[in-house]
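Participant: What follows is a predicted protein model with its sequence.
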Amino acid sequence: MPAPARSVAVPAVSPRLLATALLTVGLLLTLAYLVAFDQGAVSRSGMFLHELMHDGRHLLGVPCH
Ligand SMILES: [Zn+2]
């Protein structure tokens, strides 16, 4: 005997909210890429973790150099 089907309430997400969320994520990823590209984590310097922490400081606005 198969188990009775359960109904699951899925919250409705408006297209406008979805578009805003995707745009925000896209902009943040672009910002992270641009910061990392300038001698950062994606520059293949061999010091990935160091550069990642360094980029994090830059994203937080902490002056370092
Ligand atoms: Zn720096």
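Facilitator: Yep, that arrived. Residues are numbered from 1 along each chain as shown.
Participant: Thr20: which element?
Facilitator: helix 15-37 (DSSP states H and E).
Participant: Output the contacting helices and strands for that helix.
Facilitator: Helix 15-37 sits against helix 48-60, with contacts defined as 3 or more CB pairs under 8 Å, 6 or more residues apart in numbering; DSSP states H and E. C-beta coordinates here come from the backbone N, C-alpha and C atoms, glycine included.
Participant: Can you tell me the SS state at the closest residue to the ion within the chain?
Facilitator: The chain approaches the ion most closely through Cys64 (3.9 Å), counting by CB to the ion. Put simply, Cys64 is coil when judged by DSSP: H, G, I helix; E, B strand; the rest coil.
Participant: and it, how many neighbours?
Facilitator: Residues lying near Cys64 (other CB atoms under 10 Å) number 6.
Participant: Just the pLDDT at it, thanks.
Facilitator: Among the per-residue scores, Cys64 shows a pLDDT of 84.
Participant: I'd like to know how far it sits from Ala3.
Facilitator: Distance, Cys64 to Ala3, by CB to CB, to the nearest Å: 58 Å.
Participant: And for Phe37?
Facilitator: Separation of Phe37 from Ala3 (CB to CB): 52 Å.
Participant: ok, now Leu18?
Facilitator: Going from Leu18 to Ala3 by CB to CB gives 32 Å.
Participant: Which residue of those two possesses the greater neighbour count?
Facilitator: Legend: neighbour count by other CB under 10 Å for Leu18 and Ala3, higher for Leu18 (10 against 5).
Participant: quick revisit: now do the same contact list for the residue of the chain closest to the ion.
Facilitator: Residues counted as contacts of Cys64 (CB atoms under 8 Å, 6 or more residues apart in numbering) are 54, 57-58.
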